[in-house]
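[1] Quick one, structure for this:
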Amino acid sequence: MNRIDLTPLYRSSVGFDRFGSLLDAAFQTEKTSAGYPPYNIEVIEENNYAITIAVAGFKQAELEIQVENGVLTVRGKKESEENQTTFLHQGIASRSFERKFNLADHVEVVDADLSDGLLRVHLVKEIPEAMKPKKIAINEASPRVIAHDKQEKAA
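    Numbering: from 1, shown residues only. Got it, this is the predicted structure:
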């Protein structure tokens, strides 16, 4: 079993508490998913991404996409076929699946489409205006002159 002790990281940083659980999930996911169905993660352009999953044999009604707490879950559940076909060889997988993807902060699922046996999920990273870097203008310092009124001194 692979476990990484992140205690030193937690002592000197704030906000990385989710990092440990992401690493643990990554180690467990690789063992349990066994690579089915295969997928690609693409960078379309800056802040635009796509996840393409090979779902050959699945109809649109048999697929479900859900986003919850920063985790994108894609499920495929085959409907039971009424006719019992006898196969000499069955190499095309028709089993149900569940594939999970951890999304970074501010990554949103825009839409998804199914074409030619490929499910393509479009993602966009939208950084809020408050978090975007902004330039601060540097003003030239000018000497300040304080005016003294002789009447105020006399009073």
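[2] shouldn't L72 be in contact with Y49?
    No - under the criterion of Cβ atoms under 8 Å, L72 is not in contact with Y49, lying 10.9 Å apart. Every residue, glycine included, has its C-beta placed from N, CA and C.
[3] Mutual contacts of the two, please.
    Common contact partners of L72 and Y49 (Cβ atoms under 8 Å, 6 or more residues apart in numbering): L123.
[4] could you point out where this protein is predicted with low confidence?
    Counting by pLDDT under 70, the chain contains low-confidence ranges at 1-4, 6, 9-34, 81-83, 148-155.
[5] Figure out how far stretch 39-55 is from the centre of its chain.
    11 Å (Cα atoms, centre = their mean, to the nearest Å).
[6] Can you get me the start-to-end distance on it?
    Using Cα to Cα, to the nearest Å, the end-to-end distance of stretch 39-55 comes out at 9 Å.
[7] swap in stretch 59-76?
    9 Å.
[8] I'd like to know which elements the one helix or strand R75 maps to is packed against.
    Element membership for R75 (DSSP states H and E) is strand 71-76. In terms of contacts (3 or more Cβ pairs under 8 Å, 6 or more residues apart in numbering; DSSP states H and E), strand 71-76 is packed against strand 48-54, strand 63-68, strand 97-102, strand 118-125.
[9] what does the first one contact?
    Strand 48-54 has contacts (Cβ under 8 Å, 6+ apart) with 37-44, 72, 74, 99, 101, 107, 117-125.
[10] same thing but at 7 Å, please
    Residues outside strand 48-54 that contact it (Cβ atoms under 7 Å, 6 or more residues apart in numbering) are 37-44, 74, 99, 101, 117-124.
[11] Now list the buried members of those.
    P37, Y39, V74, R99, F101, L119, V121, L123 (16 or more other Cβ atoms under 10 Å).
[12] Redo those as a markdown table? Include distance to L88.
    What follows is the buried ones among the contacts of strand 48-54, written out as a markdown table (distance: Cβ to Cβ, whole Å):
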| residue | distance to L88 |
| --- | --- |
| P37 | 24 |
| Y39 | 30 |
| V74 | 31 |
| R99 | 30 |
| F101 | 37 |
| L119 | 29 |
| V121 | 36 |
| L123 | 42 |
